[in-house]
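**Student:** Provided below for reference: sequence and predicted model.
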Amino acid sequence: MNTRARNTRSRRRHSRAQALVEFALVVPWFFLLLFGIIEAGRFIFYYETLSNATREGARYAIVNGANTIGCASGPPAPGTSACDPSGANVVARVRQSGIGLPNAITVIPTWTPDNGRGSTVEVDAQMTYRVLIPLVPLPDITVNAESTLVINN
């Protein structure tokens, strides 16, 4: 066997070993970046879903104000009555609209000054976001969303 063939084979073996070392150095960073992008996408999805759910709950509250025909949600305005004074229907609406969110959502509806026309309703929701892939140990993140609307009915 001549020296030229021996050198070519040695270079190929050296090149494969170099590629393997480079791969071993780059792969952890690649997967860390990939999983970081996945977690960021999940976080944005949860935040947007929670925000839309609070908006839907506030919309439900303004449509079902003190002057509504049927079951009004929220504290009764002066001279009216409500079949849902605690706002449980608003809370249920937020949870129903939060498709894909964990069940442990804290929802607090607040009416200012009352549930009459022209008053405001604020729906605050809070949840805890936990990472799916714990490559980097991140603490739990508290996600808050709120929506404030004026009561029309």
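**Tutor:** Yep, it's here.
**Student:** can you list the weak-confidence ranges in the protein?
**Tutor:** The model of the chain has pLDDT under 70 over residues 1-14.
**Student:** may I have the phi/psi pair for the residue nearest the centre of it?
**Tutor:** Most central in the chain under C-alpha atoms, centre = their mean is residue 46, positioned 1.6 Å from the mean C-alpha point. Residue 46 has phi and psi values of phi -60, psi -40 when expressed as degrees, to the nearest 10.
**Student:** the one 4 residues further on too?
**Tutor:** Comment: the main-chain dihedrals of residue 50 come out as phi -70, psi -40, following degrees, to the nearest 10.
**Student:** and the nearest residue to it once chain neighbours are set aside, which of the three is it?
**Tutor:** Excluding the flanking residues, the one nearest residue 50 by C-beta to C-beta, 6 or more residues apart in numbering is residue 145, at 4.4 Å. Just so you know, the C-beta spots here come from the backbone N, C-alpha and C atoms, and that holds for glycine as well. Following DSSP: H, G, I helix; E, B strand; the rest coil, the label given to residue 145 is strand.
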